[in-house]
Structures are given as C-alpha cells and as structure tokens.
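Peer 1: have a look at this fold, sequence not included:
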C-alpha cells in the first residue's frame, strides 16, 4: 500500500464512525497482520475524547503500530527497549515539528490547524482528519526509513 492509500484508508475508516486511533491502526492492518476489526477493537478506547495520558489518539495508534512492528520483548532486552523508546520519541518529535503539540486537548484548541500537503490532496479539512493523515504520513515515512536500514 502506498502512503496515499494508507492515508485514504484511515480517512475512510474515520468517516465510518471509527475514532482517530482506530483509523490509524486500520490503515496499517496489513503491516501488523491483523484484521480491521482487531485494529478497531484495540483502538476503541483511544479516541473520541478519551486520551491516553493526553496524547493525541492518532499518535497513540502510530506508537502502537511501531510497538507491534519493532517491539520491546524479553528476548530483545534492553536493546529492544532502547529502540522502542527511540522510535516513539522520534515519532512524537516529528508530530510536534508540524503541529507544535501532542496533547489532544491542545491540538483541538488550535483554530487554524495547518494541513499537510497529503491532507489537502485528499480533501481532509476536518480537524481530526488532518491529525490522522499527519500521523499516518509520519509513520509511513518512519517505516520506509527503517526498512532501508
């Protein structure tokens, strides 16, 4: 799936009443080997105003995808933990570089949220849709970079 296709899938999922986290997870269901229903189940408590530690649900879901693809497990020990932490911080840094914030409440308070080029191309102009597309884009970029390593 291309980046644009993943962003479109996330937007389509969000349009069907899935929350932002569910939508991002579903956009990567093929990568993590889960069904869309399984992704929706995992993300069900991470959107719609229910925020894990204040973190935007779309970002939370992107972190979950990274964790599923590059996990910290007992088998990979401290190296796995370091990598998982580094990847999470990198994703958060990239999101903050664009929007200036990570907290859902703070992001919702921004009146003129700056859409990415992809969001504009796909016609995503609703607040949460802009955040969803950005999270999917960032995650796609990171996964592509990781695959080149």
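Peer 2: Looks like it came in fine. What you are looking at is a predicted structure, and each value in this text was computed from that prediction instead of being measured.
Peer 1: can you get me a residue count around residue 95?
Peer 2: 24 (other CB atoms under 10 Å). Quick note: C-beta positions are derived from backbone N, CA and C, even for glycine.
Peer 1: just checking, it touches residue 59?
Peer 2: Yes - under the criterion of CB atoms under 8 Å, residue 95 makes contact with residue 59 at 5.5 Å.
Peer 1: so what's in contact with these two at the same time?
Peer 2: Each of 102, 135 lies in contact with both residue 95 and residue 59 under the rule CB atoms under 8 Å, 6 or more residues apart in numbering.
Peer 1: mind checking pLDDT for the residue nearest to the spatial centre of the chain?
Peer 2: Computing the C-alpha centroid of the chain and ranking residues by CA atoms, centre = their mean puts residue 62 first, at 3.1 Å. pLDDT for residue 62: 97.
Peer 1: check residue 55 too.
Peer 2: 83.
Peer 1: please apply the same query to residue 109.
Peer 2: The predicted local confidence for residue 109 is 87.
Peer 1: distance-wise, check it relative to residue 72.
Peer 2: 33 Å (CB to CB, to the nearest Å).
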